[in-house]
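pasting the structure only:
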């Protein structure tokens, strides 16, 4: 007998809980229908915010690219003068060797000129080789750093974009749940 009373009480309790949840669901559905215009305002604001966030993101990425291109041009300009110095050294060396080809020189003097200037030229060429190698390594390192800076800049723009999108979605959700009204200005665009 006690078992029957317990079962009846349990069944009554389950029915009461189910009815309360059903009433809550119906109430929530009617609130949704009644607030359709408010939800539409929330969604339209969200779309406007996402468009503004996307425009900011594209602008930030463009700035990263422009800055990177300007820095590359500056690096190339800075590397031009040392390269031109090497070109001048080569030209001077070639001019000196050309003097050994003058028809007025005897064969002995011409060969002696090649020996002397060739020996001096070997030192010049070794200096050019060493200097060019050093300049190339420095230039390549600068380019690697510029690529790293561009990647960092793009990552920061991406992080900012993701934060702003998450914030916009949170505002949309809060607006739908009526925890806040429809925002008029996206506060997160000022990051």
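In hand now; what should we look at? Since the structure is predicted, the reported quantities are computational estimates derived from the model, not experimental observations. Numbers count the residues shown, from 1 in each chain.

only C-alpha atoms for contact and neighbour calcs from this point on.
OK.

I'd assumed residue 60 was in contact with residue 157.
Yes - contact criterion CA atoms under 8 Å: residue 157 and residue 60 qualify, at 6.0 Å.

From residue 53, how far out is the residue most central in space within the chain?
With distances taken as CA atoms, centre = their mean, residue 154 lies nearest the centre of the chain, 1.0 Å away. Residue 154 is 15 Å from residue 53, where distance means CA to CA, to the nearest Å.

still on that earlier bit, list the contacts of the residue nearest to the centre of the chain.
Counting by CA atoms under 8 Å, 6 or more residues apart in numbering, residue 154 makes contact with 60-61, 64.

give me the element it is part of.
helix 107-176 (DSSP states H and E).

just residue 68 next, same as before
helix 36-99.

That helix: how far from the chain's middle?
Computed by CA atoms, centre = their mean, to the nearest Å, the chain-centroid distance of helix 36-99 equals 11 Å.

Now do it, average pLDDT.
For helix 36-99, mean pLDDT is 92.

which other helices and strands contact it?
helix 107-176 (3 or more CA pairs under 8 Å, 6 or more residues apart in numbering; DSSP states H and E).

ok, residue 168 - how many residues close by?
Each residue near residue 168 was counted by other CA atoms under 10 Å, and the total is 24.

Please give the number of neighbouring residues around residue 140.
12.

The helix holding residue 68 versus helix 107-176: what angle between them?
180 degrees (axes from the mean of the first three to the mean of the last three CA atoms, to 10 degrees).

Setting the sequence-adjacent residues aside, check what's closest to residue 174.
residue 180 (5.7 Å; CA to CA, 6 or more residues apart in numbering).

these two touch, right, residue 50 and residue 167?
No - counting by CA under 8 Å, residue 50 does not reach residue 167; the two are 10.1 Å apart.

Angles on the backbone of the residue nearest to residue 174, please.
Residue 180 adopts backbone torsions of phi -150, psi 160, taken as degrees, to the nearest 10.

Against residue 42, how distant is it?
10 Å.

ok, now residue 48?
For residue 48, the distance to residue 42 - CA to CA - is 10 Å.

and if you look at residue 50?
Taking CA to CA, one finds residue 50 at 12 Å from residue 42.

quick one, which of those two is more surrounded?
residue 42 (21 against 18).

Show the model's pLDDT score for the residue nearest to the centre of the chain.
Model confidence at residue 154 (pLDDT) stands at 95.

and residue 102, backbone torsions?
phi -60, psi 130.

if you skip the residues just before and after it, what's nearest to it?
The nearest residue in space to residue 102 (CA to CA, 6+ apart) is residue 110, at 7.8 Å.

Give the full set of residues in contact with residue 179.
Per CA under 8 Å, 6+ apart, neighbours of residue 179: none.

Name the SS class of it, please.
Here residue 179 is recorded as coil under DSSP: H, G, I helix; E, B strand; the rest coil.

quick one: it from residue 112, how far?
Counting by CA to CA - residue 179 and residue 112 are separated by 96 Å.
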